[in-house]
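Colleague: Pasting a predicted model and its sequence here:
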Amino acid sequence: MIEKIVKEHQHTVGGFFETNRDAIYEVANLVLKALKNNRIIFFFGNGGSAADSQHLAAEFVNRFEKERSELAALALTTDSSVITSIANDYEYNDIFKKQINALGKNGDIAVGISTSGNSENVFRAIEAAKAKNMITVAFLGSNGGKIGKIADYPLIVNADNTARVQETHILLGHILCSLIEQNL
């Protein structure tokens, strides 16, 4: 079973990075430019993707592999009072959209993470970000779903196994952190 999982992982990761290498460099350059212009990188997703959002925001704000200045990033998955008030007063599908509307500005970057590509609250936040002239990046799985059709930069892991998609997403996040730190 271990060998099977490792082979699936290697196949998924290898295929993704072979297909998306140029797009990853382009996204890294956009993030770097945004940060140099005092813009904010917003991360959001559900479940394991919420955890990845928090993880990646922490790598930007604190440090990744080297000492450097703090970078402006925020996970929209962390404020339980905001999330629960929006879910209670409106609906759960608006939890990220309303935060993007409140905090996002032209030139900021919205990074939505969805293993299915169809998470409604991530979709609505990407729509809201586009309406504010933010750059939209999506870490997706499967065929990219409906989010893949609207994001400026859909980075799609062509797999249906949630674990393999999530493993690839966090590696993608770490690669972006490395590229950005090396070029600051």
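Modeller: Yep, that arrived.

Colleague: what's the single longest helix in the chain?
Modeller: The residue-count maximum for a helix in the chain (DSSP state H) belongs to helix 2-36.

Colleague: Now do it: which elements does it pack against?
Modeller: Helix 2-36 makes packing contacts with strand 41-45, strand 109-114, strand 135-141, strand 153-157, helix 162-183 when contacts are defined by 3 or more C-beta pairs under 8 Å, 6 or more residues apart in numbering; DSSP states H and E. To be clear about C-beta, it is placed using only N, CA and C from the backbone, and glycine gets the same treatment.

Colleague: what's the angle from the last one to strand 41-45?
Modeller: Meaning helix 162-183. Angular relation of helix 162-183 and strand 41-45 on a 0 to 180 degree scale: 170 degrees, by axes from the mean of the first three to the mean of the last three C-alpha atoms, to 10 degrees.

Colleague: tell me the mean pLDDT for helix 162-183?
Modeller: Average pLDDT, helix 162-183: 96.

Colleague: ditto for the third one
Modeller: Confidence over strand 135-141, taken as the mean pLDDT, stands at 98.

Colleague: OK, contacts around the residue most central in space within the chain?
Modeller: Note on the chain: the residue nearest the mean C-alpha position is residue 111, at 3.5 Å, using C-alpha atoms, centre = their mean. For residue 111, the contact set (C-beta atoms under 8 Å, 6 or more residues apart in numbering) comprises 41-44, 53, 56, 137-139.

Colleague: Any chance of TSV for those, columns neighbour count and distance to residue 8?
Modeller: Formatted as TSV, these follow (neighbours: other C-beta atoms under 10 Å; distance: C-beta to C-beta, whole Å):
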residue	neighbour count	distance to residue 8
41	25	30
42	26	31
43	29	26
44	30	27
53	28	24
56	26	23
137	27	25
138	26	23
139	33	19
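
Colleague: Can you tell me which of those is nearest residue 180?
Modeller: When the contacts of residue 111 are compared for distance to residue 180 (C-beta to C-beta), residue 41 wins out at 9.5 Å.

Colleague: Can you report how many residues neighbour the closest residue to the closest one other than its chain neighbours?
Modeller: If the residues on either side of it in the chain are set aside, residue 41 comes closest to residue 73, at 4.3 Å by C-beta to C-beta, 6 or more residues apart in numbering. Burial measure for residue 73: 22 neighbouring residues, criterion other C-beta atoms under 10 Å.

Colleague: Having no further points to raise, I will conclude here.
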